[in-house]
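**Q** any chance you can model this:
(one chain, ligands or ions: 2)
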Amino acid sequence: MSESSRHSYQMYLSFLNQARQHEQAGAETAWKLYLHAARCLLEVASLSQGDTRDSQLNQVQDLVNKASALKTGTHKAGDQEKNPASDASASKSDQQVFKPIKDTGVSFDDIAGLESVKQEVFELVIQPMRKPELYKRYRISAGGGILMFGLPGTGKTMIARAIAHEVSASFYHVRASDLKEKWVGSSERNIAALFEQVRSEKTAVLFIDEFDGIGGKVHSGSSSSEQAISAELKSQMDGFEKDPDRITLLLGATNNPWSIDTAFLRSGRFSRMIYVPLPDAPARSFLLKAHFKGVPLSDDVDFDQLTRYTDGFSGADLVTFCNKVKISGAMRADQVNRISDITMADFHEVRAEFRSTVYQQDIDAMREFMLQNSFKIPEHM
Ligand SMILES: Nc1ncnc2c1ncn2[C@@H]1O[C@H](COP(=O)(O)OP(=O)(O)OP(=O)(O)O)[C@@H](O)[C@H]1O
Ligand SMILES: [Mg+2]
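**A** Ligands and ions are numbered 1, 2, ... in the order given. From the prediction side, this is the model:
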């Protein structure tokens, strides 16, 4: 965590604490403190990545909802906003026993844009998983492995969740770091236990996030433990889809495709690699409109202009940007003591200070990797 993130996080905890105390005391001001907490946590989220950022963004949403419920008096005693710290520890220990999510609740319709990715995923995995008999008849095996790669915050984890939901599969979400242990032999045992558990399901999606953390290139300088992990993972992947009565899908995601050991990319392991691009203009427009649905907006808000303004943003950047605008609107409403519309000027103000987490050098590195490996370069990276 950087110095400024740490500072914002401290502020967030302090506001949250005060908000809870005020709420317990029945003070009317509690909702404002929740909003302040949300704004500080949003600062932290805008500098985070991956699952940490996701859970922080969810928490921001919960805090904003809570603030508006308290403000309008619809909040019921006992409604608790989630505590990110306890959430994170719960998910960590859940993953050590590999507890699947029964329904992720994210559908393909929630994903903005990424039409060609959705189409590819639909043909490669959704249809074969939905109609296994038909595919078996044509000797096409359902399941198998797909490795998604792309810049941070582009929706890779979201797609994995949506796939599991679309095929009603148990969803195992593990990060490479959840599998890695200090002790020699423990990581291999974790990997074997995970695959065994997934294989015992009738229909399951196993998603290994940050795959480069465990499937990186093995070279002469790699430790014996790294080599053993790599070998175990390969052998488990080879045996993954052998059982004809079960449908299991292996998904991986990485921001650093160049660091993956190419032995993981052959048929039977990750037989397909799919690039997940940044949201193009229609996707950004969809996301912006979705985030401001039902929010008081002035007539001068021009979504076409906002779409152009946010070129180069990742999906996660867009979510952060929208939340900042909404929070500043709510803060102003508080100051003037009445609901006032969010105007284009509010967007300009937030945009002027907003820095996307996507850097040109990362886009260039990704394009270079794709060129070298004969991937089709999309019009919009
Ligand atoms: N295409 C999209 N449609 C809708 N929401 C999106 C999209 N892309 C990103 N988001 C939003 O951004 C958040 C982060 O996306 P997600 O975690 O799926 O990105 P990621 O590619 O897995 O990032 P990382 O590489 O950092 O793990 C999501 O929870 C969602 O709110
Ligand atoms: Mg992710």
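**Q** the helices in the stretch 251-381 of the chain, which residues?
**A** Using DSSP state H, counting those that start in this stretch, the helices of the stretch 251-381 of the chain run over 281-291, 303-309, 315-336, 344-353, 360-372.
**Q** so for residue 122, which of those helices sits nearest?
**A** helix 281-291 (17.1 Å; CB to CB). The way it works is simple: take the backbone N, C-alpha and C, and place the C-beta from them, glycine included.
**Q** ok, and what's touching that closest one?
**A** The contact list for helix 281-291, computed with CB atoms under 8 Å, 6 or more residues apart in numbering, reads 112-114, 279, 303-304, 306-308, 310-311, 313, 315, 318-319, 322-323, 326, 380.
**Q** let's see that with 10 Å instead.
**A** With contact meaning CB atoms under 10 Å, 6 or more residues apart in numbering, helix 281-291 is reached by 110-115, 155, 277-279, 301, 303-304, 306-313, 315, 317-319, 321-323, 325-326, 347, 380.
**Q** how far is it from where the chain is centred?
**A** Relative to its parent chain, helix 281-291 has a centroid offset of 17 Å by CA atoms, centre = their mean, to the nearest Å.
**Q** list the buried residues in that helix.
**A** The neighbour-count check on helix 281-291 (16 or more other CB atoms under 10 Å) flags 283, 284, 285, 286, 287, 288, 291 as buried.
**Q** over to stretch 364-375?
**A** Buried-residue list, stretch 364-375, by 16+ other CB under 10 Å: 365, 366, 369, 370, 375.
**Q** out of the helices of the stretch 251-381 of the chain, nearest to residue 1?
**A** Closest to residue 1 of the helices of the stretch 251-381 of the chain, according to CB to CB: helix 315-336, at 16.7 Å.
**Q** helices or strands up against the closest one?
**A** Using 3 or more CB pairs under 10 Å, 6 or more residues apart in numbering; DSSP states H and E, the elements in contact with helix 315-336 are helix 30-45, helix 50-72, helix 156-166, helix 281-291, helix 303-309, helix 344-353.
**Q** repeat that for 6 Å
**A** Contacts defined by 3 or more CB pairs under 6 Å, 6 or more residues apart in numbering; DSSP states H and E place helix 315-336 against helix 30-45, helix 50-72, helix 344-353.
**Q** checking residue 248 next. Helix, strand or coil?
**A** Counting by DSSP: H, G, I helix; E, B strand; the rest coil, the backbone at residue 248 sits in strand.
**Q** look at it and say how many residues are nearby.
**A** 26 (other CB atoms under 10 Å).
**Q** does it really touch residue 204, like I thought?
**A** Yes: with contact defined as CB atoms under 6 Å, residue 248 reaches residue 204; the gap is 5.0 Å.
**Q** between the two, which contacts overlap?
**A** Counting by CB atoms under 6 Å, 6 or more residues apart in numbering, the shared contacts of residue 248 and residue 204 are residue 198.
**Q** could you tell me the least trusted of the helices and strands packed on helix 315-336?
**A** Among the helices and strands packed on helix 315-336, helix 50-72 carries the lowest mean pLDDT, a mean of 87.
**Q** give the buried residues for that helix.
**A** Quick answer for helix 50-72 (16+ other CB under 10 Å): 50, 53-57, 59-64, 66-71.
**Q** what separates it from the chain centre, distance-wise?
**A** With CA atoms, centre = their mean, you get 15 Å for helix 50-72.
**Q** which helices and strands sit right next to it?
**A** helix 30-45, helix 84-96, helix 315-336.
**Q** among those, which is nearest ligand 2?
**A** Closest to ligand 2 of the helices and strands packed on helix 50-72, according to CB to the ion: helix 315-336, at 9.0 Å.
**Q** now the angle between helix 344-353 and the closest one, please.
**A** Using axes from the mean of the first three to the mean of the last three CA atoms, to 10 degrees, the direction of helix 315-336 lies 130 degrees away from that of helix 344-353.
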